[in-house]
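> Sequence plus the predicted model coming up.
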Amino acid sequence: MVKAVKHYRPPGKKKEGNAAKFVTRSQALKQLQINLPLFRKLCILKGVTPREPKKKFKGTHQTYYHVKDVAFLHHEPLLEIHREIRVHERKIKKAEAKKNLERAKRLREKTPKPKIDRIIRQRYPRFVDALGELDDCLSMVHLFAALPAAESKKIDIECVHKCRRLAHEWQAFISRTHKLRKAFVSVKGIYYQAEVEGQKITWLTPHSLQQVVSDDVDVITMLNFLQLYEPLLGFVNFRLYHSINLKYPPILDPRLEALAADLYALSRYANANVNAIPSVVNSEASQVAESEQGDAKPKRDDIEHEKSELRLAQLQHQLPTNEPGALMQLVEEAASEEEEDQDTRECKNLFKDLKFFLSREVPRESLLFVIPAFGGIVSWEGEGAPFQESDQSITHQVCFSYYLLGLGDLLYLMMSTHLAIGFNFKIVDRDAQGHKFLSREYVQPQWVFDSVNARIILPTVDYMVGRIPPPHLSPFIDYEEEGAYIPDYAKTIKQLQAAARKEVLPLPGVGKEDLEDPQNILVEGIMDRAEANQAAQRKQKMMMLEQQYHNDLKKELQGVTNGKMDSNVDKQLSTGEIQTREESTANAQQKDDADDMGTLMMSRKKRKLLEAMKMSNERKQAKNDLIKQRKKKIDEAHKKS
Amino acid sequence: MSPTKQNEEDPHVSDSDTDSTYEDSSAADDDDGDSFGSPSESESEPAAGDDSEPDEHGESDSSGLHQEESDSSEDEVAPRNTVGDVPLHWYDDEPHIGYDIKGKKIKKKDKLDKLGSFLANVDDSKNWRKVYDEYNDEEVELTKDEVKLVRRLLKNRAPHADFNPYPDYVDWFKWDGAKHPLSNAPEPKRRFIPSKWEAKKVVQYVRAIRKGLITFDKPKEEDGPYLLWEDDSGLTEKSNHLAYIPAPKQKLPGNEESYNPPLEYIPTQEEINSYQLMYEEDRPKFIPKRFTSMRSIPAYENAMKDCFERCLDLYLCPRVRKKRLNIDPESLKPKLPSRKELKPYPTSCYIEYKGHEDAVTSISVEPSGQWIASGSSDGTVRIWEVETGRCLRRWDVGEAVNCVAWNPQPDVHILAVSLGQDVLILNTHLGDDEEQKKIKELLSVDTSTPSDDSGNSATSVRWLQDDKHGGIKLKFFKTVTAVEWHRKGDYFSTVMPAGESRAVLIHHLSKKLTQKLPFKLHGLAVRSTFHPSRSIFFICTKQSVRVYDLLKRKFIKKLDTGLREASSIAVHPGGDNLIVGSKEGKLCWFDMDLSSKPYKTLKCHPKDINNVVYHRSYPLFASCSDDCNAYVFHGMVYSDLNQNPLIVPLEILRGHTSSDGRGILDCKFHPRQPWLFTAGADKLIKLYCH
């Protein structure tokens, strides 16, 4: 008898199970008749990821794709377009080889371009879906906006410019609609979190410094992603601008653009359009006027209101009378725009009535984004700024810690370092300028970020120029979670927040000392627990003695008193005291036992799960403990000195 | 700039001559406009250079530029030096630079020191034109023509000014005097009329254009974004694709990533150093750092890499939905009834029975609960009073005792002891005279009786009178490990694991008969036990428990333990449940009505379980093991068949110490009280009471 092959399948019988559902990558390549780079590109564009079949029939080292996914790629028009592109490239190459440059140029211009819009619609059927997955897109676009264009790395300048434009457009929208919620300056860059249509979108922008394109990065893969992300962000921006009745793409003031103040230009554009001022862009005079007279604002608002009413009336006129529904919708929209949620209103009013002036050395881009997003008015040192440093209405000036040095120091500094020259000029400038304004506060940029995260205007004392600011805390940590380590400054901020809230609505029931001194409550709590512990110990001791007494009684009753027995009991009594001392260890033992008992009755699966959970908890705890330990050491060192 | 060009044309330029090239080019620059030779200007330029780097200039003077001695060799005198094309540094240490045509050494000239040469240079207005010829060791002053020539060369022109690379074409053939043309044919007509075919072609094109067949390349326009999500109706159309799993979002940064984290987040230098000792994978990816101001934050070097890694994750990682359990780990534990409600059970050690000189291997409690018997490896069997710990009696049997078992009949005070290949039935001399008389009768053996008539009697066992201890001695052919009494006290079974088909034997005490089991044994027998109320017999082999009906002589069922090596067995007094302990530390509870598989397997001991027991009246059972712990469980069996037995672990009894890798060797419950006796390898017997 011939032994059947293990996976023998009679002819005509179809594959079943995992083998029928999944194919390996190389099989997929063969089916699609494309090469690996193109396959990867298609996967990136279409969002096809490998799958994990339950049984890996070709081995664990293989990558598996679902057959449906492969079929999905197979029907993709992009595949055909890429084949055409390949053919085209061959033609160009041929023309070039024959020195037919004219033809090569013409062909190059006519190279078919893949269109992504359909794919975007397919991947994100609703706008909310697109917003939900915008994190990576934004981070990448912002990164590329900061990259140097390099021929050798295949990053062309057009792409960088496009990314820059898109990023600024996005920021302008967020800033304009006050949707920014959190900002965090980290070593890796600046994290922002915005909330658009209920979706929390977090992205990272690199610091505005020269980025290095490292060699261990495959730029082509990233460019593939960018090929998807660029149009995606374009479409999203379009939709967002559309939602606030702005034309997209915006037309910018070329003068500001040249000054690399894109963001400001954009916000100007937005303002101008919404306010429906006919001379759209070059209305700097009016802008300055607006910023200078804060009290003129309500009037403007009135005008705006009138205008919108007027427009409504016009629209009503235009619309056919038999469509009341459409009109209703319009009115509703207008209403919804005015009525914002609580959060947005809070954010909008945080820096209201505050005027900022940025010194030259602060990271201008991010502050220009953040401050208007929270309702502040901002200007900077340099050309194209809306108002000058000498403006008396400025409330805060954001600058860095520079001591005003004497001339001798200055010279010394100049001699010693070449690097500092840029800053030296600044100091000279400051000296020449002559005076500090008393009407404003000079703060470091961290103050802005901390205020934004705390949603209150923090006292500026700690952030004064020339001081090392307090620690900058991450707004993304949930301190409510059990066992989380809370840094001191977080506690301070919480108290300040509570104080700020109390100012607004004084709580009748809560006494002042309770709020102000949380230490007290804590101490009381500790006392309570200590007392309880002691009481429990006493009780246990009593119980033990009682038990012994009972045993004695019982033995007496049974009438078998023995010398040996007695001595035993005596010994037990004498050791009783020692035992009470060792009570705590015994208690621990008992507790361990109790734990053991529980685990004994669990199924193996649950037991393993429990072990894993315990382990991860321990790891977390260890991390926290390490931080606490360090804190303790620092405090001790602090006390000593 | 010019230096590169110059390098190309002059292979002899040494690498220290950048300064001189600078001078040269600067001179060239300001001489471009007017003709060369306005001395004031040409002087001022190098002077400015001198101010900035005076010492460099001095050097440049000594190792100046040397040019053009080979190119224009035809019209110059042959070089003085005859060393040829050899590296000149060969002569660095020599006093001469080479040899002249007659073979005499050419001495090196004295060099001016730096200051001197500098001064000379300053004074000399034509200094910039001087070139040092290394080969001949002399200064050459370039003439105006030569400078011009150099300049031309720098501009990639022909060296001589009067050379024209593009002269007008001069036809060599003179046409003027020719009498005949080359061809005398008349001009054809087609040269004078428009082409018909061309007209046709034009019409064709025009038509094609009108029809739109030919399109012209228009300047391409970028189609920008449009309102893609005009209506969210895309939701309604059901896509037949696989379920889409969105990529997980990236972890949000914590305090440690801040540019100015609280001080406690920054690891100390020692900790940072200790990271180096870790494995690459365990090393923290990000080490917090502190910067005092935002201005001092450097560019993050891994920004690109992080983004790239995220990209890889996005398109190369299989996406699987995983449920993350966010629960308290304690809630996973099953809800057990409170232990307080399940009292009484043994909790703490009250009495230790000391006296044995070696590990106590086995104990047995007298049915009334007043006495216990113990057997030890020191070759003694002792009887103790339970409540006082007094040793009542001892027998020196002379061999390590494997097992002791008290007869379950309260009025028959005899003890079965297995030692080596023998089993002793001992009279304990307890009880009143009447009982003693009965016992003595029972324990008398007719020397002639060994009945080997029946087929299933084991001839290998001999019943002998043991005079020394006043009892019966059964002689076996292999080591007997366990003795177990029937509830009536007339039968007992013995287990010889090595006995093959006669491994388990049943003995009839009153008839002094030994019977072989009428069944085939599968596997190595470990223990055997009688059913507490019916005529059912359990044999525990290494992997399974076999249940037999002794009356009907029938195999009833086999219970699969799933254990590697069972070591002990105990039957619940109800008779429907039994527990099996194993050498891998597992305890199996079988509900025989439920299934032949264990109802519950408890992994409680890390080492071998030596014995398991049920309490006769309380719902308790216990296990003891080599890890020196005994576990007491609550094991409630309900009369309602629908209700599964309730098992609750109650207490871990500690106290014994390990000796020679063995811990507690035996444990037994008190017949009436919820007390547990344990026999340890540390020569002690302990009583745990409630």
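That came in fine, so what should we check first?

> Let me know the pLDDT of the residue of the stretch 1-150 of chain A found nearest chain B.
As assessed by C-beta to the nearest C-beta, chain B sits closest to residue A:125 within the stretch 1-150 of chain A, at 3.5 Å. The C-beta positions use only the backbone N, C-alpha and C, and glycine is treated the same way. Turning to residue A:125, the model gives it a pLDDT of 88.

> For the stretch 301-450 of chain B, what lies in contact range of chain A?
Proximity of the stretch 301-450 of chain B to chain A, by C-beta under 8 Å from any C-beta of the partner chain, involves residues B:301-308, B:310-312, B:314-320, B:325, B:329-330, B:332-334, B:336, B:339, B:350-351, B:385, B:387-390.

> In helices, which of those fall?
Within these, residues falling in helices by DSSP state H are B:303-308, B:310-312, B:314-316.

> Quick one: mean pLDDT for the helix or strand harbouring residue B:474?
Using DSSP states H and E, residue B:474 maps to strand B:471-475. Average pLDDT, strand B:471-475: 85.

> for stretch A:44-52, same thing?
Across stretch A:44-52, pLDDT averages out at 93.

> And for stretch B:156-175?
Averaging the model's pLDDT scores along stretch B:156-175 yields 84.

> returning to what we had before: using neighbour counts, trim the residues of the stretch 301-450 of chain B next to chain A to the buried set.
Buried subset of these (neighbour count, 16 or more other C-beta atoms under 10 Å in any protein chain shown): B:302-304, B:306-308, B:310-311, B:314-315, B:319, B:332-333, B:336, B:339, B:350-351, B:387-389.

> Distance check, the residue of the stretch 1-150 of chain A closest to chain B against residue A:119.
Separation of residue A:125 from residue A:119 (C-beta to C-beta, to the nearest Å) stands at 12 Å.

> now residue A:225
13 Å.

> Mutual contacts of the two, please.
Residues touching both residue A:225 and residue A:119 (C-beta atoms under 8 Å, 6 or more residues apart in numbering or on different chains): there are none.

> any bit of stretch A:220-227 sitting next to chain B?
Yes. Contact of stretch A:220-227 with chain B (C-beta under 8 Å from any C-beta) involves A:221-222, A:225.

> Secondary structure of residue B:557: a strand, I assume?
Yes. With the criterion set as DSSP: H, G, I helix; E, B strand; the rest coil, the secondary structure at residue B:557 is a strand.

> In CSV, list the residues of stretch A:220-227 next to chain B along with neighbour count and pLDDT.
Below are the residues of stretch A:220-227 next to chain B laid out as CSV (neighbours: other C-beta atoms under 10 Å in any protein chain shown; pLDDT from 0 to 100):
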residue, neighbour count, pLDDT
A:221, 19, 93
A:222, 26, 94
A:225, 23, 95
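
> now, which of the residues you listed sits nearest residue B:611?
For the residues of stretch A:220-227 next to chain B, the closest approach to residue B:611 (C-beta to C-beta) belongs to residue A:221, at 66.1 Å.

> what angle separates the helix or strand the closest one falls within from helix B:303-316?
Per DSSP H and E: residue A:221 is located in helix A:219-243. Relative orientation of helix A:219-243 versus helix B:303-316 (axes from the mean of the first three to the mean of the last three C-alpha atoms, to 10 degrees): 90 degrees.

> in helix A:219-243, what counts as buried?
Applying a neighbour-count criterion of 16+ other C-beta under 10 Å, the buried positions in helix A:219-243 are A:219, A:221-242.

> Give me the nearest residue to residue A:374, chain neighbours excluded.
Spatially, and ignoring its direct neighbours in sequence, residue A:374 is nearest to residue A:350 (4.2 Å; C-beta to C-beta, 6 or more residues apart in numbering or on different chains).

> Let me know how buried residue 635 is, in neighbour terms.
Answering for chain A, as no chain was given. If you count neighbours by other C-beta atoms under 10 Å in any protein chain shown, residue A:635 ends up with 13.

> Chain B was what I was after
Counted by other C-beta under 10 Å, the residues lying close to residue B:635 total 22.

> That one contacts residue B:618, doesn't it?
No. Assessed by C-beta atoms under 8 Å, residue B:635 is found out of contact with residue B:618, at 9.6 Å.

> Pretty sure residue A:267 sits against residue A:176.
Yes. Using C-beta under 8 Å, residue A:267 makes contact with residue A:176 at a distance of 6.2 Å.

> Contacts for the stretch of helix or strand residue A:20 belongs to, please.
Per DSSP H and E: residue A:20 is located in helix A:18-21. Outside helix A:18-21, the residues that touch it by C-beta under 8 Å, 6+ apart are A:14, A:53-57, A:66-67.

> quick one on the thing from earlier: next up, phi/psi of the residue nearest to residue A:374, please.
phi -60, psi -50 (degrees, to the nearest 10).

> Same check on residue B:276?
Here is the backbone geometry of residue B:276 (degrees, to the nearest 10): phi -70, psi -30.

> which residues of the stretch 301-450 of chain A score low on pLDDT?
Along the stretch 301-450 of chain A, segments meeting pLDDT under 70 span A:301-340, A:383-384, A:399-437.

> Could you tell me which ranges of the stretch 401-550 of chain B sit under the pLDDT cut-off?
For the stretch 401-550 of chain B, the stretches flagged by pLDDT under 70 are B:446-459.

> go again using 90 as the cut-off
Applying pLDDT under 90 to the stretch 401-550 of chain B picks out residues B:406-415, B:419-480, B:487-491, B:496-525, B:532-535, B:542-544, B:550.

> In contact with the one residue in it that gets nearest to chain A, which residues?
The stretch 401-550 of chain B approaches chain A most closely through residue B:430 (16.5 Å), counting by C-beta to the nearest C-beta. Counting by C-beta under 8 Å, 6+ apart, residue B:430 makes contact with B:366, B:371, B:413.

> Which residue, neighbours along the chain excluded, lies closest to the residue of the stretch 551-690 of chain B found nearest chain A?
Per C-beta to the nearest C-beta, residue B:649 is where the stretch 551-690 of chain B lies closest to chain A, at 4.2 Å. Of all residues not flanking residue B:649 in the chain, residue A:597 sits nearest, at 4.2 Å (C-beta to C-beta, 6+ apart).

> Would you agree the one you found falls within a strand?
No. Counting by three-state DSSP, residue A:597 is not part of a strand but helix.

> I'd say residue B:677 and residue B:687 touch.
Yes. Residue B:677 lies in contact with residue B:687 (C-beta under 8 Å); the separation is 5.5 Å.

> Show me which of the two is the more surrounded one.
Here residue B:677 and residue B:687 are set side by side on neighbour count (other C-beta under 10 Å), and the busier one is residue B:677, at 27 against 21.

> can you pull the pLDDT of the more buried one?
At residue B:677, the model reports a pLDDT of 92.

> For it, what are phi and psi?
For residue B:677, the backbone dihedrals (degrees, to the nearest 10) come out as phi -100, psi 140.

> I'd like to know how many residues surround residue 176.
Using chain A. Neighbours of residue A:176 under the rule other C-beta under 10 Å: 20.

> The chain in question should be chain B.
Neighbours around residue B:176, by other C-beta under 10 Å: 4.

> For the residue nearest to residue A:374, list the residues it contacts.
By C-beta under 8 Å, 6+ apart, residue A:350 lies in contact with A:374-376, A:451-452, A:455-457.

> Make a PyMOL selection of whichever of those turn out to be buried.
Listed next is the PyMOL selection for buried residues among the contacts of residue A:350, using 16+ other C-beta under 10 Å:
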select buried, chain A and resi 374+375+376+451+452+455+456
